[in-house]
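# this is the structure alone, sequence omitted:
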């Protein structure tokens, strides 16, 4: 009777993995010992679900307690060491929860996560974390490149580093205007087939980082092998070609494409070089809801052949995103048309038959080439761009997630064009 006409706030704190069905049963018994038969007049508010639970349904209460806190469920996507390094990166956040999801990583050997720490159920700024083996030098190089070519040029970008005995990780601020609002990769945006993406391509190359990098542009004579050797794993490419064509390794090595490659790789050309992103595929730039554009992944950012970002993005759009159901001969017919210097013009028109489901992609290719013009040393001769495009296309042949046959056939066309025009 002493408890009649009183309200009570009952605060329960459970630790996942430490409560059992027996614990839940003892809790129900404890409620009865305090409130007796008056327990039937009580209710519980489940704030997470925003609903009231009648305490009279004791079996439901017991089930909630048993299965929500009785066992800690994990899908084992993170190793304990990876969990440790993530928590180290947020040791100063004083957060009780860290929410994460793994992002697509292209062909990187790092694991990439979108992370959001929570304080008292309130989300804070989001981050992107890359994790790799402690002995892998790529993240060390990426941080060095970031410090040299990004941090001092655009204060929207920041980076932190942590390590454990097994892993190294770097933390970027999230790719959106406030570090919290949602943003998506250009690769994901391309799923919206009805949209015109050429304006985004144009806006991409006008963002602050590119404007700053463009100021480093200089004329130079470039040895092709020196400029592109970091991108070419010749053994893996030859193996991929042998698999695609069902030929022996030695036959591929002695074939026309490889003969042209060796000749092209040995030449020196007058060109321009500047600071470039170095790996500008469609997963490596994000667009937020205000259409701000942010670059990610600066592992290859350095001074490069000035058109390499344009050629890389063209390859990504063609070999990753053009529908794989398109017959290869249809694609190669269009590739043949795009060997023309007119495809670098803002006045370019499709005056040849082309499927409607391909026009969107090749409009983007046309825009990329148009924007590359200012970095081609000779405005009257586009062979410099085709050289870069060939080498980045040749590189794509090895990657299983792309349209490898399309990349192979395109590389063959480009190599024949270059060999003929340069009389190699």
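All right, it came through fine. Since the structure is predicted, the reported quantities are computational estimates derived from the model, not experimental observations.
# mind checking the SS state of residue 128?
With DSSP: H, G, I helix; E, B strand; the rest coil as the basis, the three-state label of residue 128 is strand.
# helix or strand: which one has residue 172?
Residue 172 is located in strand 167-173, with elements delineated by DSSP states H and E.
# partners of the helix or strand following that strand in the sheet?
Going down the chain from strand 167-173, the next helix or strand is strand 183-185, by DSSP H and E. Strand pairing for strand 183-185, determined by DSSP bridges: strand 285-288 (antiparallel).
# in the chain, which residue is most central in space?
Centroid-nearest residue in the chain: residue 283, 3.6 Å away (criterion: Cα atoms, centre = their mean).
# now that residue. Its backbone dihedrals?
phi -90, psi -10 (degrees, to the nearest 10).
# residue 185 is in contact with that one, correct?
Yes. Assessed by Cβ atoms under 8 Å, residue 283 is found in contact with residue 185 at 5.1 Å. C-beta: built from backbone N, CA, C; applies to glycine.
# now the residue nearest to the centre of the chain: how far from residue 188?
9 Å (Cβ to Cβ, to the nearest Å).
# try residue 196
Note on residue 196: its distance to residue 188, by Cβ to Cβ, is 17 Å.
# show me which residues of stretch 396-410 are buried.
Neighbour-count burial for stretch 396-410, counted by 16 or more other Cβ atoms under 10 Å, picks out 396-399, 402-410.
# could I get those residues as CSV with secondary structure?
CSV is the format used below for the buried residues of stretch 396-410 (three-state DSSP):
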residue, secondary structure
396, helix
397, coil
398, coil
399, coil
402, coil
403, coil
404, helix
405, helix
406, helix
407, helix
408, helix
409, helix
410, helix
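# so which residues of the stretch 251-400 of the chain form strands?
Residue ranges of the strands in the stretch 251-400 of the chain, as given by DSSP state E, counting those that start in this stretch, are 268-276, 285-288, 293-295, 302-305.
# I'd like these as CSV, with mean pLDDT, mean neighbour count and distance to residue 251 appended.
Shown next, in CSV, are those (pLDDT from 0 to 100; neighbours: other Cβ atoms under 10 Å; distance: least, Cβ to Cβ, whole Å):
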stretch, mean pLDDT, mean neighbour count, distance to residue 251
strand 268-276, 95, 19, 30
strand 285-288, 92, 21, 40
strand 293-295, 93, 21, 41
strand 302-305, 96, 20, 31
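# wait, which of those is closest to residue 353?
The closest of the strands of the stretch 251-400 of the chain to residue 353 is strand 285-288. By Cβ to Cβ, the value is 32.3 Å.
# and the contacts of that closest one?
With Cβ atoms under 8 Å, 6 or more residues apart in numbering as the contact definition, strand 285-288 has outside contacts at 175-177, 181-186, 189, 200, 204, 293-296.
# now a PyMOL select for only the buried ones of those residues.
Restricted to buried positions by 16+ other Cβ under 10 Å, the PyMOL selection for those reads:
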select buried, resi 175+176+183+185+186+200+204+293+294+295+296
